[in-house]
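Trainee: Fold the following and give me the result.
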Amino acid sequence: MRQPEQARPVGTGNSAGRHYRAAAYWPLCAERVRERRFSLVRRGADPGEVSVFLHRVADDLTALRAELDRAREENARLKRTLRDWQSRFAPRVCR
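Mentor: Reported below is the predicted structural model:
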């Protein structure tokens with residue numbers, strides 16, 4: 001059985017520092033979804049259908065994570081461009 005890990009910082013900080021999540025929280029990733037297994041019960045869902053659905057969810061999750069990474073990279077690029085522009089033109093502004 002896996003030992004719970006300590007609470008860890010996630011996301012960007014707030015005025016007091018970083019946000020924390022409970023140690024039991026595990027972010028969902030595609031591999032965890034694909035590997036998830038459920039116990040069989042007498043009148044449970046069809047394991048094949050569950051597996052197909054979990055793979056579909058994992059594929060969507062992978063695509064969303066890739067899109068989020070692209071958006072973060074674009075955001076960082078725009079911030080750098082703005083910072084460079086401000087560095088070049090801000091000293092020329094007269095008050």
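
Trainee: So, low pLDDT: which residues of this structure?
Mentor: 1-25, 91-95 (pLDDT under 70).

Trainee: Mind jotting down where the helices sit in the protein?
Mentor: 30-35, 47-89 (DSSP state H).

Trainee: out of these, nearest to Val41?
Mentor: In this view, those are compared for proximity to Val41 by Cβ to Cβ, and helix 47-89 is the closest at 11.0 Å. Where C-beta positions appear, they are placed from N, C-alpha and C, glycine not excepted.

Trainee: What helices and strands are in contact with that closest one?
Mentor: helix 30-35 (3 or more Cβ pairs under 8 Å, 6 or more residues apart in numbering; DSSP states H and E).

Trainee: Dump the helix it packs on to PDB, keeping only the CA atoms.
Mentor: Taking C-alpha atoms only, helix 30-35 is exported to PDB below (Å, rounded to 0.1, in the frame of the first residue of the first chain):
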ATOM      1  CA  ALA A  30      -3.600   9.800 -18.900                       C
ATOM      2  CA  GLU A  31      -1.500   6.800 -17.700                       C
ATOM      3  CA  ARG A  32      -3.400   6.600 -14.400                       C
ATOM      4  CA  VAL A  33      -6.700   6.600 -16.200                       C
ATOM      5  CA  ARG A  34      -5.600   3.800 -18.600                       C
ATOM      6  CA  GLU A  35      -4.200   1.700 -15.800                       C
END
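
Trainee: residues in contact with that helix?
Mentor: 26, 54-55, 57-59, 61-62, 65 (Cβ atoms under 8 Å, 6 or more residues apart in numbering).

Trainee: wait, which of those is closest to Asp46?
Mentor: When the contacts of helix 30-35 are compared against Asp46 (criterion: Cβ to Cβ), the nearest one is Leu54, at 12.4 Å.
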